[in-house]
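Visitor: please find the sequence and the predicted model below.
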Amino acid sequence: MPAEIKSLVVAFNAMLARLEGSFQRLSEVSADIAHELRTPISTLTLQTQVALNAARDAEEYREVLYSSLEEYERMGQMIGDMLFLARADHGLLHPTAEALDLETQVQDLFDYFDAWAEERGVSLVLTGTACARADPLMLRRALSNLLSNAIRHTGAGAQVRVQLEDDGRHAWIRVENPGPPIPPEQAARLFERFYRADTSRGRRGEAAGSGTGLGLAIVKSIVEAHGGAVEASSRAGWTRFTMALPVARMRIAELAPVPTNKT
């Protein structure tokens, strides 16, 4: 190509590649939504057909209704998660900026998850201190998604560890649990909607959060809305999620760009 238009051609090709990638991701998400909704709808249809197939007593009908309610709640949560991500995509998330003691925030979530962790034989360990400037409700949702994901994938007798660090410019939160290694190319995709690293657990495996496959995507949206960064890594038998947030002692506008390679 002529040298005068080489830069234009390169930029145009890059734009086409981005558009093609966006279209492909949109197609994948649409297919995943259809699949994720088809499963509970099929379950509800089957349960209703079985319940209507013969006369049953009140207790049996009550059990069917409880089971149906669980499926309705799952679909409702998925729809709520999708709406949250849609708001994030359009820049409609406007977190407040409060000084939060991360040690207190994590300990409160430990208390919340304690019964479930004890039932699974998993111990929760917190080390370090840090103070971040963040929206308390959004931060709690992000941490909750990471903790529930870690507990879900930790075997009995093992630990889920949360490490806090304040380096003077950024507050670091690391949530890690023991588990099989995740290849780097898969770890980089864990924050995609409906993506799953372990395909043996489902169509594309299981993501964090509520079980809708959107938990880690929500974590990423929340962290980035605060001007922070999040990444996943897997090494030495541990899977680690690292969040970097602005510290509470400085205004967000004064902070340098948040790095993503401190793992």
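Guide: Perfect, I can see it now. Residues are numbered from 1 along each chain as shown.
Visitor: how far off centre is the helix or strand hosting residue 186?
Guide: With elements delineated by DSSP states H and E, residue 186 resides in helix 184-187, which encompasses its position. Relative to the mean C-alpha coordinate of its chain, helix 184-187 is positioned 15 Å out (Cα atoms, centre = their mean, to the nearest Å).
Visitor: export it as CSV, just CAs?
Guide: Provided in CSV are the C-alpha atoms of helix 184-187 (Å, rounded to 0.1, in the frame of the first residue of the first chain):
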residue,chain,number,x,y,z
PRO,A,184,-3.3,-18.0,31.6
GLU,A,185,-5.5,-17.7,28.5
GLN,A,186,-8.5,-18.9,30.5
ALA,A,187,-7.7,-16.8,33.5
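Visitor: can we start the residue count at 882 from this point?
Guide: In the new numbering, first residue 882, that becomes helix 1065-1068.
Visitor: give me the mean pLDDT for that helix.
Guide: Per-residue pLDDT over helix 1065-1068 has a mean of 84.
Visitor: please identify the buried residues of that helix?
Guide: Within helix 1065-1068, the residues that count as buried by 16 or more other Cβ atoms under 10 Å are 1067, 1068. All C-beta spots, glycine's among them, are computed from the backbone N, C-alpha and C.
Visitor: equivalent analysis for stretch 949-958, please.
Guide: Of all the residues in stretch 949-958, those buried under the rule 16+ other Cβ under 10 Å are 949, 952, 955, 956.
Visitor: how far does it sit from its chain's centre?
Guide: Counting by Cα atoms, centre = their mean, stretch 949-958 is centred 19 Å from the centre of its parent chain.
Visitor: is it true that residue 1003 touches residue 1032?
Guide: Yes: applying Cβ atoms under 8 Å, one finds residue 1003 in contact with residue 1032, separated by 5.5 Å.
Visitor: who has more neighbours, those two?
Guide: Set residue 1003 next to residue 1032 and count neighbours by other Cβ atoms under 10 Å: residue 1003 wins out with 21 against 17.
Visitor: what sits against the more buried one?
Guide: Applying Cβ atoms under 8 Å, 6 or more residues apart in numbering, one finds that residue 1003 lies in contact with 1032, 1035, 1036, 1037, 1039, 1040, 1041.
Visitor: distance check, it against residue 1123.
Guide: 20 Å (Cβ to Cβ, to the nearest Å).
Visitor: may I see the contacts of residue 1003 organised as a markdown table, with distance to residue 1052 added?
Guide: Converted to a markdown table, the contacts of residue 1003 look like this (distance: Cβ to Cβ, whole Å):
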| residue | distance to residue 1052 |
| --- | --- |
| 1032 | 23 |
| 1035 | 24 |
| 1036 | 30 |
| 1037 | 32 |
| 1039 | 26 |
| 1040 | 22 |
| 1041 | 20 |
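Visitor: any chance of those in a markdown table, plus distance to residue 1104, pLDDT and secondary structure?
Guide: Converted to a markdown table, these look like this (distance: Cβ to Cβ, whole Å; pLDDT from 0 to 100; DSSP: H, G, I helix; E, B strand; the rest coil):
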| residue | distance to residue 1104 | pLDDT | secondary structure |
| --- | --- | --- | --- |
| 1032 | 20 | 94 | helix |
| 1035 | 22 | 91 | coil |
| 1036 | 28 | 91 | coil |
| 1037 | 30 | 92 | coil |
| 1039 | 26 | 94 | coil |
| 1040 | 24 | 95 | strand |
| 1041 | 19 | 96 | strand |
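Visitor: greatest separation within these: which pair is it?
Guide: Using Cβ to Cβ, the pair of the contacts of residue 1003 lying farthest apart is 1037 and 1041, separated by 12.2 Å.
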